[in-house]
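[1] Sequence and predicted structure, then a few things I'm wondering about:
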Amino acid sequence: MKPTLLLRDVTLRDGQQSLFATRMKQSQIERVLPLYKEAGFYAIEVWGGAVPDSIMRFLNEDPWERLEKIKQEIGTISHLTALSRGRNLFGYNPYPEEVIEGFNRNAVQSGISIMRIFDALNDTSNIKSTIRYVKENGGMADCVVCYTVDPKFTRKERVTAYFKGKPLPKAIFTNDYFLKMALELEAMGADMITLKDMAGLVPPGRVGQIIRSFKQQLKIPVDFHTHCTPGFGLASSLAAIINGVDIVDTAILNFAGGPAAPAFELIQLFCTKLGIDTGINTDAIVKINKILKDIRLEMADIDSYKIPIDFDITTDKLPPEIDRLFDDAITYAKKDNEHKLLEACGMIENYFNFPEPDEKVKFAEVPGGMYTNMLSQLKQVKQEDLLPRVLEVIPTVRLAAGCPPLVTPTSQIVGAQAVNCVIDEKNGKPFYSNNSNQFVNLVKGSYGKTPIPVDPDFREKIAGTRDEIPFNTDHYEKQPNPFFPKYGENIRLASTEKEELLLELFPTVANKFLQDRIELRYGPKLEEEEARKQQAYDAEVQKYSSLSDQEKQDRLIDGLYHWA
């Protein structure tokens, strides 16, 4: 019996989010859905992440309607999956249980069967209640172990810290750290575990070690998710497969590579050579990929990456030297020869015309989005030349804040604070003279427990307290949901629970979206009513004008035509 590998397609959520800022319209998605029914993916990621915010903000589309329409088309052929941030859901602050419960219940009822749940601090307590709500409503809990790397310090920095009596930690995010978290999540009721590498920083050798330990210790399926930003993605996915991973995340060719996930077609070619059955209908994939290219060209104004070559996996033959690279890569993966494996996979991706590895991100060991956000922040104050110093400062800022993983939103919080510190330094001020509210809350403990404790002296300096203070949802205030009496006695901004959830999770964006929807829904009716009243008024005026003076007087006396 052939070995099998399940594939989760992330084209319609993570793929378009990574490459095209989540700008796919519903009409574009609907063009490929019939073919996805034929493709046979184990799961299709279609929702969560930036989708709900972006499609309201830029496309004026309803997130719930998008999910429900996809579910209506796909049915039970593939699991539909979404990404959420545990207790924080989509925001920067924790939400009360009623919001978390309502969101997950409605998400499952609207079509999500696998909810991928992560926490930016890898704090399992922030994931616990979401697991319960997803499973209570018939969904599966896909719990995430966020991969991240230790801060990089120079030998000089370590020696200096040692003699100051505060030695720097040697290793925080070890293989045992990730395994321990995975076991905790399994004990909490996780149905599967994903090793999620948002920044694409996990090299193939490390992937092999982590996946092997997961498969030895866990009783539930293991998924691997990565990106290709610094050039590890394809090689690391192959290493995960060689080491027995159950599920791998891929995107279809025209929505893959660069900051997105590895291409399905390349993973399928590896699996074919390895004798692994993915169960995918490649004829359907070829058709989807052609439509995706058309859609990509339609989004050319927001596409800054190279388009892959045209490749039909069902008929096209690779040049012998490229085909041989696939064989070589498999050999190197089995021998744990990381250097040669990366070299072979890099040549494969180059042949397919995927973007070159981002060396800046690879060297800095920070997510691509964090890097570009910091650069943008510096450009706004015309101080881009400070970026190298910012990269030097990140490990210090991160360590002071409890060494949070560099994933959304903690990567942005740490990056923005590092920029603040360097600008303070240039202006002759000490570090932490200017602190964002998010950084203060991170240090205070509002987001949860950090991987290592924050120094009480530092917490007191930044947040005014030596003790960790968790976020207290007792003080949470729901977003206003006003009435619009001009449209009707009971017309409110959010008229359903789903609309109320949008308002809670995306206050500013949903407020405008829902107001526009009300205007579109009731505005024409109001205009029709006003026009009808005007016509009636004009008719009465004309009728009044035709009366004799005595008749006009009689009607005024009778209380008629009070407007005359």
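    Thanks, I have it.
[2] Contact partners for residue 522?
    484, 487-488, 491 (Cβ atoms under 8 Å, 6 or more residues apart in numbering). Bear in mind the C-beta positions are built from the backbone N, C-alpha and C, glycine included.
[3] repeat that with 10 Å
    484, 486-488, 491 (Cβ atoms under 10 Å, 6 or more residues apart in numbering).
[4] Over to residue 307?
    Residue 307 touches 253-254, 257, 293, 296-297, 300, 353-354, counting by Cβ under 10 Å, 6+ apart.
[5] correct me, but residue 510 touches residue 91?
    No. Judged on Cβ atoms under 10 Å, residue 510 makes no contact with residue 91 at a distance of 11.8 Å.
[6] These two: who's more crowded?
    residue 510 (25 against 16; other Cβ atoms under 10 Å).
[7] Can you tell me the SS state at that one?
    helix (DSSP: H, G, I helix; E, B strand; the rest coil).
[8] quick one on the thing from earlier: buried members of the contacts of residue 307 into ChimeraX, please.
    To isolate the buried ones among these in ChimeraX, judged by 16 or more other Cβ atoms under 10 Å, type:
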select :253,254,257,293,296,354
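[9] ok, of the contacts of residue 307, which one's closest to residue 201?
    Each of the contacts of residue 307 was scored against residue 201 by Cβ to Cβ, and residue 257 proved nearest at 16.4 Å.
[10] For that closest one, which phi and psi angles does the backbone take?
    phi 80, psi 170 (degrees, to the nearest 10).
[11] Now it: closest residue in space that isn't a chain neighbour?
    residue 354 (3.4 Å; Cβ to Cβ, 6 or more residues apart in numbering).
[12] which residues touch that neighbour?
    228, 231, 233-234, 253, 256-258, 260, 262-263, 266, 305-309, 346, 348.
[13] In PDB, could you pull the C-alpha coordinates for stretch 223-237?
    Written as PDB, here are the backbone C-alpha positions of stretch 223-237 (Å, rounded to 0.1, in the frame of the first residue of the first chain):
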ATOM      1  CA  ASP A 223       0.700  19.600   9.700                       C
ATOM      2  CA  PHE A 224       3.600  21.700   8.400                       C
ATOM      3  CA  HIS A 225       3.100  25.300   7.200                       C
ATOM      4  CA  THR A 226       5.800  27.600   6.000                       C
ATOM      5  CA  HIS A 227       6.600  30.400   3.500                       C
ATOM      6  CA  CYS A 228       9.400  30.800   0.900                       C
ATOM      7  CA  THR A 229      10.500  34.300   1.800                       C
ATOM      8  CA  PRO A 230      14.100  33.600   2.800                       C
ATOM      9  CA  GLY A 231      14.400  30.500   0.600                       C
ATOM     10  CA  PHE A 232      13.800  27.600   3.000                       C
ATOM     11  CA  GLY A 233      10.200  26.800   2.200                       C
ATOM     12  CA  LEU A 234      10.400  24.100  -0.500                       C
ATOM     13  CA  ALA A 235      13.400  22.300   1.000                       C
ATOM     14  CA  SER A 236      11.800  22.400   4.500                       C
ATOM     15  CA  SER A 237       8.500  21.100   3.200                       C
END
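[14] a helix runs through residue 441, doesn't it?
    Yes. Counting by three-state DSSP, residue 441 is located in a helix.
[15] Show the contacting residues for it.
    Residue 441 neighbours (Cβ under 10 Å, 6+ apart): 92-94, 413, 447, 462-463, 469, 471.
[16] so residue 282 makes contact with residue 268?
    Yes. Counting by Cβ under 10 Å, residue 282 touches residue 268, with 6.7 Å between them.
[17] Quickly list what's touching both of those two.
    In contact with both residue 282 and residue 268: residue 313, using Cβ under 10 Å, 6+ apart.
[18] still on that earlier bit, the residue nearest to residue 257 belongs to a strand, doesn't it?
    No. Assigned with three-state DSSP, residue 354 falls outside any strand and is coil.
[19] can you pull the pLDDT of it?
    Confidence at residue 354, expressed as pLDDT, is 97.
[20] So it versus residue 305, what's the distance?
    Remark: distance between residue 354 and residue 305 (Cβ to Cβ, to the nearest Å) = 8 Å.
[21] what touches both of the two?
    257-258, 260.
[22] Could you single out the nearest of those to residue 54?
    residue 260 (15.7 Å).
[23] Determine the number of other residues adjacent to residue 456.
    Other residues close to residue 456 by other Cβ under 10 Å number 12.
[24] repeat for residue 359
    For residue 359, the neighbour count with other Cβ under 10 Å is 10.
[25] And residue 369, by the same measure?
    Neighbours of residue 369 (other Cβ under 10 Å): 20.
[26] Need the per-residue pLDDT for it.
    81.
[27] buried set for the helix or strand in which it is found?
    Using DSSP states H and E, residue 369 falls within helix 368-380. Buried residues in helix 368-380, counting neighbours by 16+ other Cβ under 10 Å, are found at 368-371, 373-375, 377-378.
[28] show me where the stretch 101-250 of the chain has helices.
    128-136, 155-163, 175-188, 204-217, 233-242 (DSSP state H, counting those that start in this stretch).
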